[in-house]
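Chemist: sharing a sequence plus its predicted fold:
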Amino acid sequence: MTKILESISDALLTVDQQNHVTYVNAQAQCLLFSEQHKVLGQPLWDLLPEFWQKILKPECDQATLEQKARHLETFHSSLTRWLEVAIYPYIEGLSISIHDISERKQAEAALLERSQLSTLAAEIGKTLGQGGDLPALLDRCTQILIEQLEAIGARIWTFDAESQMLELQALAGSITLTDPLQARIPLGISVIGFIATRQQAYCTNHTANDVCIGAPAWISDQQIQAFAGYPLIVEERLLGVLAVFGRNPFSEDVYQMLAWISDAIALAIDRSWARTELISRREGLLFGLASQIRKSLDLNTILDTAVHEIRNLLQIDTCHFLWCILPTKDSLSIHLPILTITHEAQERDLPSLLGEYPITQVEEVVEKFQSLDIFRIDDTRINSDEHPYHQELLEQFGIMSELLVPLRTHTGQLGAIVCSQCHKSRVWTDSEVELLRAACDQLAIAIDQSELYTQTRAAAFHAQAQAQQLEQTLKKLKQTQAQLVQTEKMSGLGQMVAGIAHEINNPVNFINGNLLHTSNYIEDLLRLLELYQRHYPEPDEDILDESEDIDIDFLREDLPKMLDSMKVGADRISQIVLSLRNFSRLDEAEMKPVQIDEGIDNTLLILQHRLKAKGSFGGIDVIKNYGDLPQVECHASQLNQVFMNIISNSIDALENRAEPRQITIVTDRGKPKDWKTPHVAIRIQDNGQGMTEEVKRRLFDPFFTTKPVGKGTGLGLSISYQIVVEKHRGNIDCFSEPGKGTEFVIRIPIKPVG
């Protein structure tokens, strides 16, 4: 019996009712790490203290109490073994059988792990295959990792290339974030940044003493034993990092599965980013077209932007915009449909296709355009019965693939966006077709709005031109009316002056004629009186009294002087009358040779009352420096009006100025360097306050005046400009600065010009 017990593979021992060992076989001695004579009689709690306290004692007590066999499977931490324990009660004590089932447990664990990993792979694949919002996908993946691996934490960071930071996108599990696992981690910082920088996985089942993991206090607090970190890489491009934390060790199978999962997640992130970028670029294209429409409404700009943006978005060799121009019944120059390529964006090594191309095979192309059918040719080398002529044409231009999407405007014009591949063939996707459809819809709107804008602008320009023309006409009419009023006023004034001069001239002539006789008569009377006094020195007393009363001696002395004064006054009146007649010159409708100096003098004579001193006003000094001028053929009365306007303005400028007040008038024969036309120059200068550039710019504008209301019409210089420039083909310039006075220079051709 003893031999049989010694030969069995299980550890077998017996204990008495006090749980002291009464028998151990060879396997039991190995389990207890002791020989038989050393363990016999020893209590079990001394031999296996931890195992006894936690496992055997409760079971032994229960078996003794119930007198029934007890069976259990347990893990012995000291032995790191799975044990199957059987306890059999008998009269003298207990028989305990211990069987090592570690291999079976490992096989079961491996089977369970394979099952879990299969489920994990299926769940991850299903989740990533469903697509959708990337943050939601990543969140679901971390949840699955926690559930299937019985991990305590899972994290996914994505890499932001612009900031060079890893940004936390998804997390699951019970562990808390701390320093080594921040939401934003720079490259090379912590184990996560280390994995991203090296782009290599880092895994360990011994985190407590791992210098790469670091943070031992946090590791201990969270009871983390295993760590698995994987870079998320696609085509050597870093997309992020996946990290999983466990309280139990991860097997090699788990590590391999996590490597596969990290690749799958990386591909999902890459697809999502690519899809987002594509959508963003497509939306950007359509938004850009819409924005371009709103911004410029210039068709060339919009079409040029469209072909370049579409080419950049689809990464194609060429993108063109073309018009399909169809002949009409009224068209005499177009007999065949014409494709006109107006805008292109293409590779530099490709020849330009801009220009017109008559369509000889009419029916196929025209029907396609009119029905807005899409030309979609993936490879011109593959024979197709759908577009035989068009395919042949593309081969001639070296085009291997083409996608043509037509459009029709509101006015019926036919156009198209054409995308082409020349270096290699390309299979056009439905999403690309839809993108071009949307772009063509935007372009059709742009073309309609551009045409409407062009028509509106043309109408606006026409209306603006009409308004400007009406404004100019109204301005000229207003100016003409004002000039007519002024001319009529001057004409009436001239007629009145001529009438007054005529009426004054008659009595003045009468006075002048009688003054000579009166002078002779008085001289005769005075001689006679002298003879009486000489021959009758002793006059009668009455005569003597009368002589004293009338002061005959003073009368004889003063009377000739009085007659001379009357003669001077009459001559003065005659000169004024002559000046008035010369100033008005109503009888001179044609140009006549005149002496310019006389016109200036006549003007000064008329303005003498404003120039001379009176009261507190000390008067204005007029300095005249006349050159040797030839006679000038002109409208004398009109030039006199010019002199009157300019000198009057100078007087206005000087009236409120402190002395000295001065007007300088210089005339000379103009120099050829100043003006090639033979001319005379009249310079009228005052020492007033001058004027600003702004006033000087508007000086000759009709109705512009700086004088108070009621003091000026604003027509004087405007009319003067017309008289000098338009009527006499001369010119008039003004030179002035604030505080430095004003000078007008008038140049009049000696002979009429033109």
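Modeler: Alright, I've got the coordinates.

Chemist: domains in the chain, by residue range?
Modeler: Domains of the chain are assigned by the TED database as 1-107, 131-278, 324-428, 456-556, 589-749.

Chemist: dump the ones you listed to CSV, plus mean neighbour count and mean pLDDT.
Modeler: Placement of C-beta: from N, CA and C, glycine included. Putting the domains of the chain into CSV (neighbours: other Cβ atoms under 10 Å; pLDDT from 0 to 100) gives the following:
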stretch, mean neighbour count, mean pLDDT
domain 1-107, 15, 76
domain 131-278, 18, 80
domain 324-428, 15, 77
domain 456-556, 12, 74
domain 589-749, 17, 83
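
Chemist: now those domains in CSV, please, with extra columns for distance to residue 304.
Modeler: Shown next, in CSV, are the domains of the chain (distance: least, Cβ to Cβ, whole Å):
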stretch, distance to residue 304
domain 1-107, 72
domain 131-278, 23
domain 324-428, 5
domain 456-556, 20
domain 589-749, 42
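
Chemist: compare those and give me the one nearest residue 287.
Modeler: With Cβ to Cβ as the measure, domain 131-278 is the member of the domains of the chain nearest residue 287 (14.4 Å).

Chemist: about what we covered before: so which of the domains of the chain is nearest residue 574?
Modeler: Per Cβ to Cβ, nearest to residue 574 of those: domain 456-556, 5.7 Å.

Chemist: what about that closest one, distance to the chain center?
Modeler: Relative to its parent chain, domain 456-556 has a centroid offset of 74 Å by Cα atoms, centre = their mean, to the nearest Å.

Chemist: next: stretch 670-679.
Modeler: For stretch 670-679, the distance to the chain centre is 54 Å (Cα atoms, centre = their mean).

Chemist: straight-line length of it, end to end?
Modeler: 5 Å (Cα to Cα, to the nearest Å).

Chemist: which residues are in contact with that stretch?
Modeler: 669, 680-681, 729-731, 747-751, 753 (Cβ atoms under 8 Å, 6 or more residues apart in numbering).

Chemist: what's residue 253 sitting at in phi/psi?
Modeler: phi -60, psi -40 (degrees, to the nearest 10).

Chemist: sorry, slip of the keys, the one I care about is residue 321.
Modeler: phi -120, psi 130.

Chemist: need the nearest residue in space to it, chain neighbours excluded.
Modeler: residue 343 (4.4 Å; Cβ to Cβ, 6 or more residues apart in numbering).

Chemist: for residue 19, same thing?
Modeler: Closest to residue 19 by Cβ to Cβ, 6+ apart is residue 44, at 5.1 Å.

Chemist: measure that neighbour to residue 50 for me?
Modeler: Residue 44 sits 11 Å away from residue 50, going by Cβ to Cβ, to the nearest Å.

Chemist: ok, the residue nearest to residue 19 touching residue 52?
Modeler: Yes. If you go by Cβ atoms under 8 Å, residue 44 and residue 52 touch, sitting 4.9 Å apart.

Chemist: how long is stretch 203-220 end to end?
Modeler: Its start and end residues considered, stretch 203-220 measures 18 Å (Cα to Cα).

Chemist: again, but for stretch 673-685
Modeler: End-to-end for stretch 673-685, by Cα to Cα: 21 Å.

Chemist: off-centre distance for it?
Modeler: Worked out by Cα atoms, centre = their mean, stretch 673-685 lies 53 Å from the chain centre.
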